[in-house]
Every structure is written in structure tokens, then in C-alpha cells.
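# model this:
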Amino acid sequence: MAIQWFPGHMHLTRKAIGERIKDIDVVIELLDARLPGSSANPMLAEITSGKPALKVLNKQDLADPLRTEAWLAHYNAMSGVRALGLDASMSTPARALVTACHALAPNRGGMAKPMRVLICGIPNVGKSTLINTLKGKRSAKTGDEAGVTKIEQRITIADDFYLYDTPGVLWPRIIVAKSGYNLAASGAIGRNAFNEEEVALELLDYLRQHYATAIEARYKLEGVAQMRDEEILAAIGKKRGALQSGGRINLQKAAEIAIYDFRSASLGRVTLETPAEFSQWLVEGKLLDAERQLKKDEIEHKRLVRLKKIPRPATRAERDAADDEPAD
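You can find the predicted model right below:
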């Protein structure tokens, strides 16, 4: 099942960012360090193209440190891009954002040319918490649900440093299937848009291959790497007492436990993708999306032919008959 979630306020956010971007000096995109590729918004990349970009891998304290280093190197190798890791609750590293922005736009600063920075990212990635840390007080509302911020806010970090906060925004169509599951597992997608059991199975399948010992330690299991994801989920339910009448395992409850334990880092520091993995998923996603578009175009073409909006292409027999007709 493809996971999609694009509430109405996100359309407004997209428009607002498009209007604001011409006056912006640097764009900060907050990414989830546990899924940097999946949490990078391709729609924002298109809208903010040409602007210096600071990629901030937030929640790095929850992510695999070795994989965080790989992702930072991946982004820092890009032209016009800087990247740094951050835990939004730490005040001193948060100030590094200001320094990084001045490095990306060295000609901005002072009252005559104040630095104007747009900060954006997916829902529930920690923007509001970071802004409050930068400001030193509660300037932005925070919450653990996707979509807390609904309107743009301008926050003065210093006399010559203006930060524009925007609501968390996804993109209209997620073409990388794995990204949809990872975003759902992280809490970036509203819970009504996905099935917890399906997301938990995808999550456990990845963890089984890359973090089997973390599952074993958390749930006191053995041989996780050789188990199927359905077996792991059932074992978690049994271990945690997620049982129904007759001793049947409540897989919905077990799924909620697995997802919560990932989000809270109870499984340890986990990252759900590497740069190479995400690159491959993106290639595959684009190919599937192109195939879907071709089928869609074909269906639409047949519909228009049926409605006689466009001429029906001649059959081979009709073309042969036309060729056999004598010339005038």
C-alpha cells in the first residue's frame, strides 16, 4: 500500500514558500537524522532551487552515529550545501546554525543587510523545538503530532537575523514506497493515513536485517535475523502481553509497541536508510512512477478516443486499404 498524506494547509504552505523564497538568503531544511533521504522534501528542493541550503540532521541523538556521519558527508559534498547534525534540545550546537548561515551567505549581516533565513521541513521533525532553543523562549508551538504549526511566523534571532518558520509540509505524491513507511514510522504522517500493522512489519523487516541485536535486546528474543517480520511482530506481542481472548495475539497493539519503541529510541540509536540505499530506492521509485504515468496516459487517451475528442488511430487493415486505393 502506498502511503500518502497532504492536508489542505500544506497547499497553502507550498504557495507561501514560493512567494517568500525570493527574499530569502539561506534555506534551512530540517531533516530527521533517522531517515535523512526520506525526510528531504523534493517539492521544497524545487521551490528553493538556487538558494544556499543548510541541511540539518535533527534528532541525531536518536540516530546511528556512523550513518549520520555518512549522510553529513553525502550532503556536504554537494555544491552550495552545508550539513550538520543537531539535537534540538541542546542550546550551544543550535547556535551553530547562525554561524553556518553566515558562511553560506557571507555578504549578509548588519542592520543594512539583515540575514533572512527560511526554515522548513516535514511535519514533526522538531522545527518548533529548535526555534524555541534558538530564541531562548517559547516562540513557536511544539507538539508530538504531525502538523502543529499552521501559519508562517517571523522570529528575530538577533537584530540582523530573521528566521521565517513555516508549517511542516510533505509533498503531493510520495513515489518512494519505502519513504512512505519510514515517514509513517517516524511520526511525520498523520496516523489516519496509514495502517500501523503494515508500517510495523516494514520497520521490523529492515531492523531484522540491520539491527537484529537491538530487537533481541529490547524484547528478549533470539535468532531474530532468521525470523520473518510477521513472526517478530507476533513475538513482540506475546512478550509484551498484547493478547486477546483465547490467547490470540493483538497484532495491532504489538505494532503500536514496535513503532513507539522506534520513535522513543527504546531500540537504541537506529537509522533506517543509508545514502546508497535511498539512492537506489529513488531510482526504482522514479521508474515505477514513470510506468504508472504511461498507463494513466494510455487510459486517458482511450477515454478521449471513445468520447471522440481526438481521432481514433487507424488500424493496420485500414492503412493497408488506404495504400491500395488508386491515385487520382
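
# Flag the shaky bits of the protein, pLDDT-wise.
1-13, 88-89, 91, 93-94, 137-152, 170-172, 308-310, 312-328 (pLDDT under 70).

# Which parts of it are strands?
Using DSSP state E, the strands of the chain run over 26-32, 53-58, 81-86, 115-121, 153-158, 161-165.

# Give the full set of residues in contact with the closest residue in space to residue 188 that isn't next to it in sequence.
Nearest residue to residue 188, sequence neighbours excluded (CB to CB, 6 or more residues apart in numbering): residue 122, at 4.7 Å. From N, CA and C alone the C-beta is placed, and that goes for glycine too. Residue 122 makes contact with 32, 39, 41, 168-170, 183, 188, according to CB atoms under 8 Å, 6 or more residues apart in numbering.

# What distance do you get for the residue nearest the centre of the chain to residue 269?
The centroid of the chain falls nearest to residue 39 when counting by CA atoms, centre = their mean (2.4 Å). Note on residue 39: its distance to residue 269, by CB to CB, to the nearest Å, is 17 Å.

# Over to residue 23?
Counting by CB to CB - residue 23 and residue 269 are separated by 38 Å.

# Look at these two and report which has more neighbours.
residue 269 (18 against 10; other CB atoms under 10 Å).

# quick one: which of the strands of the chain is nearest residue 72?
strand 81-86 (4.9 Å; CB to CB).

# Give me the domain ranges for the chain.
The chain breaks down by automatic domain parsing into domains covering 8-165, 195-263, 275-313.

# can you redo the ones you listed as JSON lines with distance to residue 177?
Putting the domains of the chain into JSON lines (distance: least, CB to CB, whole Å) gives the following:
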{"stretch": "domain 8-165", "distance to residue 177": "11"}
{"stretch": "domain 195-263", "distance to residue 177": "9"}
{"stretch": "domain 275-313", "distance to residue 177": "7"}
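
# between those domains, which gets nearest to residue 175?
domain 275-313 (4.2 Å).

# what comes up buried for that closest one?
275, 278, 281-282, 285 (16 or more other CB atoms under 10 Å).

# count of neighbours near the closest residue to residue 234 other than its chain neighbours?
Among residues not flanking residue 234 along the chain, residue 249 sits closest, at 5.2 Å (CB to CB, 6+ apart). Using other CB under 10 Å, residue 249 is surrounded by 18 other residues.

# so what's residue 249 up against?
234, 237-238, 242-243.

# Equivalent analysis for residue 212, please.
Applying CB under 8 Å, 6+ apart, the residues contacting residue 212 are 224-225.

# same thing but 10 Å
Contacts for residue 212 (CB atoms under 10 Å, 6 or more residues apart in numbering) come out as 221, 223-227, 232.

# Write the PyMOL selection for whichever of these are buried.
Filtering the contacts of residue 212 down to the buried ones (16+ other CB under 10 Å) takes a single PyMOL command:
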select buried, resi 221+224+227+232
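
# Kind regards, and thank you for your time.
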